[in-house]
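Asker: prediction below, plus the sequence it came from.
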Amino acid sequence: MAKLYFYYASMNAGKSTMLLQADFNYRERGMNTMLFTAAIDDRFAYGTIASRIGLSQPATPFHATTDLEACALGQHGKTPLACILVDEAQFLTAEQVDQLARLADQHRIPVLCYGLRTDFKGQLFPGSARLLALADALSEIKSVCVCGAKATMNLRVDAQGHAIAEGAQTEIGGNDRYVALCRRHFCAALAGEPVLEGRGKPD
Ligand SMILES: Nc1ncnc2c1ncn2[C@@H]1O[C@H](COP(=O)(O)OP(=O)(O)O)[C@@H](O)[C@H]1O
Ligand SMILES: Cc1cn([C@H]2C[C@H](O)[C@@H](COP(=O)(O)O)O2)c(=O)[nH]c1=O
Ligand SMILES: [Zn+2]
């Protein structure tokens, strides 16, 4: 029975790394996989899934209008897919998550999605919300706040490291633009407390 999986975490937690490790495990055993990533997130390169530790693989870029089901079935018809892996799953639309669920349910292809749960305001991304609703298995990838507690939130910061509370939900960026924090320090930073000054261990 194929399942739909959602591996979620804050930024810089190892999501892409874990996706690439899972992909390798299938390919090393001679099984075909299909990788998708958000076309908008071209920090490393367009159509590439890359981890901060240097691993990378080509991936099919998806836009909000991409029919993932048709795209995957086209490939599946040529070379049967053992698994579909999706990075930056927070950028999926709800309809695209439904497409991925049909690939698991009607075509028996396991689908592994990796992404953020919430944005810089602590609001769910639409794709993440639909995955939290539909996925058969939810797994949290752990990351660490500057205080040592588990980081679950994503603070957007300016060039001076000051918290940004307003703006568009989608803004591509890395460690220069976002800092993963625990809820307590996320809320403190948004309230103007100097949580990140020196980036040492805050109180
Ligand atoms: N120089 C390093 N040495 C060891 N591990 C590192 C190094 N740099 C980053 N990492 C690890 O890689 C993780 C980020 O991996 P990545 O797959 O890029 O995360 P995500 O996709 O969640 O943003 C960090 O949380 C850290 O554990
Ligand atoms: C919190 C937040 C993040 N993003 C963007 C920033 C990055 O491009 C990706 C996540 O990258 P990761 O290293 O794979 O975790 O999402 C955004 O657009 N809006 C946000 O609020
Ligand atoms: Zn903290």
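Answerer: Happy to help now that I have it. Residues are numbered from 1 along each chain as shown. Ligands and ions are numbered 1, 2, ... in the order given.
Asker: CA atoms for contacts and neighbours, from now on please.
Answerer: OK.
Asker: quick check: the nearest residue to L190 once chain neighbours are set aside vs L4, distance?
Answerer: Computed as CA to CA, 6 or more residues apart in numbering, the closest residue to L190 that is not its neighbour in sequence is A163, at 5.8 Å. Noted for A163: a distance of 35 Å to L4, by CA to CA, to the nearest Å.
Asker: those two: which is more packed in?
Answerer: More crowded of A163 and L4, by other CA atoms under 10 Å: A163, with 26 against 23.
Asker: report the beta-bridge partners for that one.
Answerer: V157 (DSSP bridges).
Asker: residues of the protein that sit close to ligand 1?
Answerer: 11-17, 51-53 (CA under 6 Å from any ligand atom).
Asker: can you say which of those residues are buried?
Answerer: Buried members of the residues of the chain next to ligand 1, scored by 16 or more other CA atoms under 10 Å, are 11-17, 51.
Asker: just the residues you listed that are near ligand 2?
Answerer: Restricting those to those within reach of ligand 2 (CA under 6 Å from any ligand atom) leaves 11-12.
Asker: quick one: which of the buried ones among the residues of the chain next to ligand 1 sit in helices?
Answerer: Taking DSSP state H as the definition of helices, these contribute 15-17.
Asker: export those to JSON lines and tack on distance to F24?
Answerer: Shown next, in JSON lines, are these (distance: CA to CA, whole Å):
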{"residue": "K15", "distance to F24": "14"}
{"residue": "S16", "distance to F24": "12"}
{"residue": "T17", "distance to F24": "11"}
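Asker: so which residues of this protein form strands?
Answerer: Along the chain, counting by DSSP state E, strands occupy 4-9, 33-38, 48-50, 56-58, 60-62, 83-86, 111-116, 137-140, 153-157, 163-164, 178-181.
Asker: what are the contacting residues of the shortest one?
Answerer: Residues from elsewhere that reach strand 163-164, judged by CA atoms under 8 Å, 6 or more residues apart in numbering: 155-158, 189-190, 192.
Asker: in this structure, where is pLDDT below threshold?
Answerer: The model of the chain has pLDDT under 70 over residues 198-203.
Asker: enumerate the residues of it near ligand 3.
Answerer: Residues of the chain lying close to ligand 3 by CA under 5 Å from the ion are 145, 147, 182, 185.
Asker: could you pull out the helices for this structure?
Answerer: 15-28, 68-78, 94-105, 126-134, 183-190.
Asker: buried ones among the contacts of strand 163-164?
Answerer: Among these, the ones that count as buried by 16+ other CA under 10 Å are 155-157, 189-190.
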